[in-house]
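>>> My questions are about this predicted structure, shown below with the sequence.
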Amino acid sequence: MVGPYYLLISAVVLERLAELVVSRRNAKWSFAQGGKEFGRPHYVVMVILHTALLVGCLVEPWALHRPFIPWLGWSMVVVLALCQGLRWWCITSLGKRWNTRVIVLPHQPLVQKGPYRFMHHPNYVAVVVEGVALPMVHTAWLTAVIFTLANAALLSVRLRVENSVLGYA
């Protein structure tokens, strides 16, 4: 199953690149509307961490001979598909205001549609769950644990920044 798993990781990489294209376009638009960025120092850490997740997903099954366990792997593929659905629901709900950075538009109300009707940060739910599901497709449990712990530390910083500038805190 390693071959198909590598195809899955490649598809995720392509999806992330598509996200970055959308993010850059939307960030440029936000800055043109007077948007102000917050929390820039942690952004580099986020990029490194998410890149490391993908690398770990590739390396761990190969280097440590992790097996593909069908009941686990296929259920995690379903979870991944649900995460992608939630992620793109967030992206489309925020429209031009969505990007991977923390850019706030002055005098604009918070988005209250899509998954944002139910919670403040639904995209992070997708990120957290995906950080476990993607490596566990091929039982890369070490990658899942390390990413989850590092991501928890990163999200504690990111959420403090976002909650502060959005008026949640």
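Yep, that arrived. In this text, all values refer to a predicted model and were calculated from it rather than measured experimentally.

>>> wait, isn't residue 9 in contact with residue 54?
Yes: counting by Cβ atoms under 8 Å, residue 54 is a contact partner of residue 9 at 6.2 Å. Using the backbone N, CA and C atoms, a C-beta is placed for each residue, glycine as well.

>>> Going along the chain, name the strands of the protein.
Assigned by DSSP state E, the strands in the chain fall at 36-38, 102-104.

>>> Tell me which residues of the last one come out buried.
Read that as strand 102-104. 102, 103, 104 (16 or more other Cβ atoms under 10 Å).

>>> possible to save the residues you listed as TSV with pLDDT and distance to residue 111?
Putting those into TSV (pLDDT from 0 to 100; distance: Cβ to Cβ, whole Å) gives the following:
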residue	pLDDT	distance to residue 111
102	97	14
103	97	13
104	95	12
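
>>> so which of these comes closest to residue 25?
residue 103 (12.4 Å; Cβ to Cβ).

>>> coming back round to it: got a markdown table for the strands of the chain, with distance to residue 90 too?
As requested, the strands of the chain are exported to a markdown table (distance: least, Cβ to Cβ, whole Å):
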| stretch | distance to residue 90 |
| --- | --- |
| strand 36-38 | 19 |
| strand 102-104 | 14 |
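
>>> No more questions from me, cheers.
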